[in-house]
Structures are given as structure tokens and as C-alpha cells.
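K.L.:
Sequence and computational prediction follow.
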Amino acid sequence: MGRIIAIANQKGGVGKTTTTVNLAAALGVLENKVLLIDADPQANATSGLGIDVESIEKGTYQVLELTVPPKDTIIETTSPNVHLIPAHIDLVAIEIELVDKQEREYMLKKALESIKDEYDYILIDCAPSLGLITLNSLVAADSVIIPIQCEYFALEGLGKLLNTIKSVQKIHNQDLDIEGLLLTMFDSRLRLSNQVVEEVRKHFSSMVFETIVHRNIRLSEAPSYGESIISYDATSKGAVNYLNLANEILNKKA
């Protein structure tokens, strides 16, 4: 049975999409069958995998509406073993459309039941908000990865997200685990980066991944070519970081 992992943090610019795309690619090259679900109306994960967002006719919007079966929205990507349920800017309307629906928090969970067993991992790239789409993602997920950037306001809002996760566990999904906190955008030359790592490890200890994602020019360049870092430059520090993260997750499962 596939493991569903949401990558979430309501704070923007912390490396959610970068992590989702590159972790998917890393798990794929390690011979796991992966489905990436773009649950962010900005659709950066979709374009980051080289898919033209304007050409999308069926995707996460229809899956959440339960009007199209997920298998009919899945497209192949150039990353080995990685499939995608794409997003489009239209997804922003789903928050309003779901409000009056019964069991609106369970739409994604229901939809994924039909395809969960076809993948080793299903990764959900969440929007930078704690709205209904993110709530659907957390309810559908087995666990959540929380990226935290190694900068001054790193822990700002983390308490709010952890409270949201507790509420989801209590009301909707008691099996939801925290897969781990992932430190991103680390610059070893900066004292502040090192202080943030120290602080996060001190407060959250075993919840923090050993792997730290370093600031890396190649990592920033890859999305503009519609490629994961694994395809774009497999020898770069960013690629090594995400392969290490994939291995850490695989070892955890084992």
C-alpha cells in the first residue's frame, strides 16, 4: 500500500515545492513508483516538472470535486517512475466550492482510495495556507514533512501548523504522523543558519531529519528548465541532499 506524505507549511518560500519535486524524483530514481499531487493553485510543481500549466484540462481541481477519477488526471513526467496530478490556477476556486459540501475535508482521501495501492509513495505539494485544500491533504495523508528554512523567522508560524496537525489528528485523521521537520536553504557560512539548526534540533530533536538541504544555485536553476535537480545536475549538492532525504525516508519505512 502506498504511503501518502503531505509537504506542508503555511509560511511561503520555505522550499515546499522544491522538496516535493526533488524528493519525488529522488524516490523515483531509487526505483519507487511515485505520484506527485500538485495541491497548490500556483501550480509550481506542475511547471517545475516541465508541464505547461495552460494546457491542463483535468487535475487536482476535478479530483477534489470528485467529478473525474484520479487515474484520468494522471500524466507521466520525464522523471523516471514519477507521475503527476497537475494543478491549474482554477484550483483557487475549490476553497469556495467545497464550503457547502458534506464531509468537505475528506474529498481527497476518498478520491485517492482508488489509486493508493498503485504507488509506493504519493507526495502532496500543499499551498502556503491552512485552508481547505491543505486540510484535505492532511486528512488524506499518512504523514507530513514540514520544511523549515534556516533563516531568522524560521520558527514563526510553526506552532500554528503543529496545532493544526494536532486538530486534524484529533478530529479527522488520528493516524497522521509527522514524518519529520526538514531544514532547508542552509548556508554553512552564516552564523544565523547554524543557530537555527541548533535551535530546531534542541526543541524538536528526533522529529528533525538528519538531512539538511543546502542553498544551491543548481537547485534554484532546475525549475526554470522544467527539471528536477536529479535530472538537471545529479552531481550537485542539492541532488545529493534530496537523495539522502529519500534514503532516510526509505530506511524509516524499513
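P.N.:
Good, I have the coordinates.
K.L.:
C-alpha from now on. contacts and neighbour counts both.
P.N.:
Will do.
K.L.:
which helix in the chain runs the most residues?
P.N.:
Assignment by DSSP state H gives helix 237-253 as the longest helix of the chain.
K.L.:
ok now it, how far from the chain's centre?
P.N.:
14 Å (CA atoms, centre = their mean, to the nearest Å).
K.L.:
Please apply the same query to stretch 108-123.
P.N.:
Using CA atoms, centre = their mean, the offset of stretch 108-123 from its chain centre is 15 Å.
K.L.:
Can you tell me what sits against that stretch?
P.N.:
Outside of stretch 108-123, the residues within contact range by CA atoms under 8 Å, 6 or more residues apart in numbering are 1-7, 20, 24, 32-37, 63-64, 66, 69-71, 136-137, 139-141.
K.L.:
Take the residues you listed and keep only those in helices.
P.N.:
Using DSSP H, the contacts of stretch 108-123 in helices are 20, 24, 63-64, 136-137, 139-140.
K.L.:
Relative to Asn194, which of those is nearest.
P.N.:
Of all the ones in helices among the contacts of stretch 108-123, Thr20 has the smallest distance to Asn194: 24.0 Å, by CA to CA.
K.L.:
Gly159: neighbour count?
P.N.:
10 (other CA atoms under 10 Å).
K.L.:
Apologies, that question was intended for Val53.
P.N.:
Neighbour tally, Val53, other CA under 10 Å: 18.
K.L.:
what about the strands in the stretch 151-254 of the chain?
P.N.:
177-186, 208-214 (DSSP state E, counting those that start in this stretch).
K.L.:
Mind putting those into CSV with mean neighbour count, distance to Glu156 and mean pLDDT?
P.N.:
Output for the strands of the stretch 151-254 of the chain, formatted as CSV (neighbours: other CA atoms under 10 Å; distance: least, CA to CA, whole Å; pLDDT from 0 to 100):
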stretch, mean neighbour count, distance to Glu156, mean pLDDT
strand 177-186, 21, 14, 94
strand 208-214, 20, 17, 95
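K.L.:
Many thanks, we can stop here.
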